[in-house]
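Asks: Give me a 3D structure for the following:
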Amino acid sequence: MSTAPAAPRLYLAEVRHVRSGASGSGGHGRGNGGGTRGSGVGYRLRHRTYLWLVDLDRLPRLPRPLRPLARFEARDHFGGSASSIRAGLDAFLTARGAGLPSGSRVLMLAHARVFGHVFNPLTVYWCHGPDGSLRQVVAEVHNTYGERHCYLLPPDVARGDRGDLDVAPVPKEFYVSPFLRVEGAYRMQLPEPAERLALTIRLAGGTDGARLTATVRGARRPAGARGLLRAALRRPWSTAAVSAGIRFHGVRLWLRGLPVRPRPPHVPQEGLK
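Replies: Okay, here's the model as predicted:
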């Protein structure tokens, strides 16, 4: 694989979250249309958005009138104080003894800032060495409390042809949803997008029996000025819509009786401080 800079891509995507198998606070949950009856408060959440796949060493340069629709800023990733997103990633990897050699290339899948706002529940970085081989994958997770956590993953998670049981479990280390404890393990399938985008993350193994499956499915679209305008018109202010949708859904779940789990103190990882 060549390490020449990659042209930016846009993906019109649909994100789905399905939770099932959890008991309520007393172990006798209420059935509902989003989950399995008798197994607690399950739910399904779906929203449509668009995502960018960009080379961190060659971020898109848009015409000035379109820049409010897509900005990539270092403050939105890792510790937030690095000179660039790539510098933030390099600091994180170096802190774990996994620094990339000169000539490496990193592709990032993320939302861009739209009219000054961004929220990235998940950002994925595919890190290629100078020879083009995939060395590692980083999954950067944000919660709605302004906290961030990164998982350093082996290149095997990028193989889309593996069955769920063939993917190594990754212990959950970060408080994301107020309705899920920091326990259990993820199984992540994060193949690098081509014409199609297809990510899958499954969480299971917690003491309450909750099982969560999150998928991101999408199709590549042109990433020029015309393609961006089309995406913005189809999914207006997509980043704000994601934030609002998550909070609205959380209120609905709380009103339906799903217990809120205490949020533990957050200690930033080395390389994210």
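Asks: Please name the nearest non-neighbouring residue to G80.
Replies: A74 (7.0 Å; CB to CB, 6 or more residues apart in numbering). C-beta here means a position set from N, CA and C on the backbone, and glycine is covered the same way.
Asks: Would you mind confirming that that neighbour is in contact with G88?
Replies: Yes - using CB atoms under 8 Å, A74 makes contact with G88 at a distance of 5.9 Å.
Asks: More neighbours: which of these two?
Replies: G88 (24 against 16; other CB atoms under 10 Å).
Asks: Bridging across strands, which residues link to the residue minimising distance to the centre of the chain?
Replies: Ranked by distance to the mean C-alpha position of the chain (CA atoms, centre = their mean), the top residue is L122 at 1.3 Å. Taking DSSP bridges as the rule, L122 bridges to V141.
Asks: do the one 4 residues further on as well
Replies: Applying DSSP bridges to W126 yields these beta-bridge partners: L107, V137.
Asks: and it, what does it touch?
Replies: With contact taken as CB atoms under 8 Å, 6 or more residues apart in numbering, W126 is in contact with 106-107, 134, 137, 158, 192.
Asks: Would you map the strands across the chain?
Replies: Secondary structure of the chain (DSSP state E): strands at 9-20, 43-55, 105-110, 122-128, 134-142, 148-153, 170-171, 185-189, 196-204, 211-221.
Asks: Any chance of those strands in a markdown table with mean pLDDT as columns?
Replies: Output for the strands of the chain, formatted as a markdown table (pLDDT from 0 to 100):
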| stretch | mean pLDDT |
| --- | --- |
| strand 9-20 | 92 |
| strand 43-55 | 90 |
| strand 105-110 | 97 |
| strand 122-128 | 98 |
| strand 134-142 | 97 |
| strand 148-153 | 97 |
| strand 170-171 | 96 |
| strand 185-189 | 95 |
| strand 196-204 | 95 |
| strand 211-221 | 94 |
